[in-house]
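Enquirer: Got a sequence here, can you model it:
(one chain, ligands or ions: 1)
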Amino acid sequence: MSIYLDYAATAPLRPEVRALLARCYAQDWGNASSLHRDGHAARMHFEDARERVARVLGAKVEEIVFTSGATEANNLAILGWMRDQPKGSHLIVSSIEHPSGWEAAEALTHEGYQLDVAPVDALGRLDLAAFKALLRENTALVSLMAVNNEVGSTQPIGELAAAPKKWKLHVDAVQSGLTGWPNLDGIDMLSLSAHKLGGPVGSGCLFLRQGLRLAPLLIGGAQEDHRRAGTSNVIAALALAEALEVTAHQRAEEAARIGGLREKLESQISRIGGAVRLGGERSAHISSWFFDGVRAEPLLVLMDLEGISVSSGSACSSHSIEPSRVVSAMGFSSEQARGLIRFSLGHATSEKEVESVGRRIGVLVEKARRQGGTEN
Ligand SMILES: Cc1ncc(COP(=O)(O)O)c(C=O)c1O
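Expert: Numbers count the residues shown, from 1 in each chain. Purely as a prediction, here's the structure:
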């Protein structure tokens, strides 16, 4: 039996979502745009999902745009908003954004927009003073994640939301399942993804404040009020609604339980020579480390052989282990950034699993170190 500690990459389906999906695939397969009764039924389910998502977030129904996940939601927010602004407009993202936000922002520099990257401190938290110094008269967008996916650091979303501003604020709240989604006051756009919450991959949404216009990424259909063309994915939307509701309902209990398990794990890991834990104030589900003289790759392989699934930073880069951009941005060396090991816990993680990993991890680190790692 493998032990899965990679919830920040994706989470297993929650039982409630699995039951809903089984039901929906048997019954609710209509096209929500069709005029007949099956289409009507699908449309009712779709709008019910929208209402439920809006209720959980504290948004209006027309402010929810369903997407294929948070990569699309982040792209839509950043590219869609900026492309509707005059060329030369300015945007700011933090140095630790997920690639789906980071690369969208970088792409805009090739389209005549101006980008500044706001730094973070050694704990992976936005440097507010440095951020404020980057604001300009023509700043049109600031995009910041609420919880970083590699080290779990929480970001000062409240401060940015409360600031008097002409620019729009987009928040990537994908990893905020346990901390809670930010209050939407002062936030203009917010991205979510179902599969980090025990829903299926390929489902997410963008909260888009009423009255804001975006240049759509997908055209060729009137769905989502012309903001996102494509046949409505009714079942994905229902599964997102279910995952959000269950997450919100169980948050207090899960945050306490998972936080306790992480503490147990960390007390074991911290006994290993040369272990350095990353991040300060963090969401309860992430624990990221490097071990002096150990590269991530051999350690990941050794852990995998033992049936322990963890990852090195973001899932997308874990096939070829590049130095983590996030860890580099926090001021660590590229050797250290190559050693990032992320343990992430979730709704089905058990005490037994954590104890088992805690017992074995020291030996595995020593083995990886002996196999040869870095010079420092
Ligand atoms: C912080 C963050 N933003 C965005 C994404 C992308 O979400 P999705 O997999 O739904 O495209 C991820 C997933 O890795 C993430 O962790």
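
Enquirer: In the stretch 151-300 of the chain, what residue comes closest to the ligand?
Expert: With Cβ to the nearest ligand atom as the measure, residue 193 is the residue of the stretch 151-300 of the chain nearest to the ligand, at 3.2 Å. Quick note: C-beta positions are derived from backbone N, CA and C, even for glycine.

Enquirer: ok, and the closest non-adjacent residue to whichever residue of the chain sits closest to the ligand?
Expert: Residue of the chain nearest the ligand, by Cβ to the nearest ligand atom: residue 69 (2.8 Å). Leaving out its chain neighbours, the residue that sits closest to residue 69 by Cβ to Cβ, 6 or more residues apart in numbering is residue 204, at 4.2 Å.

Enquirer: List phi and psi for that neighbour.
Expert: Torsion angles at residue 204 (phi, psi; degrees, to the nearest 10) stand at phi -170, psi -170.

Enquirer: ok, how many other residues are close to it?
Expert: 27 (other Cβ atoms under 10 Å).

Enquirer: which residues does it bridge with?
Expert: residue 67, residue 193 (DSSP bridges).

Enquirer: Identify the residue nearest residue 159 in space, chain neighbours excluded?
Expert: residue 128 is the one closest to residue 159 (Cβ to Cβ, 6+ apart), at 6.4 Å.

Enquirer: where does this protein have low pLDDT?
Expert: By pLDDT under 70, the weakly predicted segments of the chain are 313-321, 372-376.

Enquirer: ok, which residues in the stretch 151-300 of the chain are in contact with the ligand?
Expert: With Cβ under 6 Å from any ligand atom as the criterion, the stretch 151-300 of the chain comes near the ligand at residues 172, 174-175, 193, 204.

Enquirer: Spell out which residues make up each domain of the chain.
Expert: 3-10+251-370, 15-246 (automatic domain parsing).

Enquirer: returning to that earlier point: closest one of the residues of the stretch 151-300 of the chain next to the ligand to residue 268?
Expert: Taking Cβ to Cβ as the measure, residue 268 lies nearest residue 175 of those, at 23.6 Å.

Enquirer: so what's that closest one up against?
Expert: Residue 175 is in contact with 8, 145-149, 152, 196, 283, 285-286, counting by Cβ atoms under 8 Å, 6 or more residues apart in numbering.

Enquirer: what about 7 Å?
Expert: By Cβ atoms under 7 Å, 6 or more residues apart in numbering, the contact set of residue 175 is 8, 147, 149, 196, 283.

Enquirer: how about those residues, which pair is most distant?
Expert: Within the contacts of residue 175, two members stand farthest from each other by Cβ to Cβ: 196 and 283, at 11.0 Å.

Enquirer: give me phi/psi at the residue most central in space within the chain?
Expert: Closest to where the C-alpha atoms of the chain average out (Cα atoms, centre = their mean) is residue 174, at 3.2 Å. As for residue 174, its main-chain torsions (degrees, to the nearest 10) stand at phi -60, psi -40.

Enquirer: any idea how far it lies from residue 195?
Expert: Taking Cβ to Cβ, to the nearest Å as the measure, residue 174 falls 9 Å from residue 195.

Enquirer: just residue 331 next, same as before
Expert: For residue 331, the distance to residue 195 - Cβ to Cβ - is 31 Å.

Enquirer: is it true that residue 58 touches residue 184?
Expert: Yes: here residue 58 reaches residue 184: they are 5.5 Å apart, a contact under Cβ atoms under 7 Å.

Enquirer: Return the residues in contact with residue 208.
Expert: 63, 65, 189, 214, 227.

Enquirer: Residue 352 belongs to a helix?
Expert: Yes: note on residue 352: a helix contains this position according to DSSP: H, G, I helix; E, B strand; the rest coil.

Enquirer: switch to numbering from 250
Expert: Sure, I'll start numbering at 250, so the last one becomes residue 601.

Enquirer: Quick one: neighbours of it, just the number.
Expert: Burial of residue 601 is recorded as 9 neighbouring residues (other Cβ under 10 Å).

Enquirer: can you check residue 483 too?
Expert: Residue 483: 24 neighbours (other Cβ under 10 Å).

Enquirer: need the contact list for it.
Expert: By Cβ under 7 Å, 6+ apart, the residues touching residue 483 are 277, 281, 291, 294-295.

Enquirer: can you rerun that using 10 Å?
Expert: Residue 483 sits next to 273, 277-281, 290-298, 315 when contact means Cβ atoms under 10 Å, 6 or more residues apart in numbering.

Enquirer: Could you do residue 280 as well?
Expert: Shown in contact with residue 280 (Cβ under 10 Å, 6+ apart): 287-288, 291-292, 480-481, 483.

Enquirer: Give me the residues contacting the host helix or strand of residue 378.
Expert: Assigned by DSSP states H and E, residue 378 falls within helix 377-383. Applying Cβ under 10 Å, 6+ apart, the contact partners of helix 377-383 are 339, 341, 343, 365-370, 376, 391, 393, 404-405, 408-409, 412.

Enquirer: For it, what is the distance to the chain centroid?
Expert: From the chain centre to the centre of helix 377-383 is a distance of 24 Å (Cα atoms, centre = their mean, to the nearest Å).

Enquirer: circling back to that earlier point, let's see which of the contacts of residue 280 end up in helices.
Expert: Mapping these onto helices (DSSP state H) picks out 287-288, 291-292, 483.
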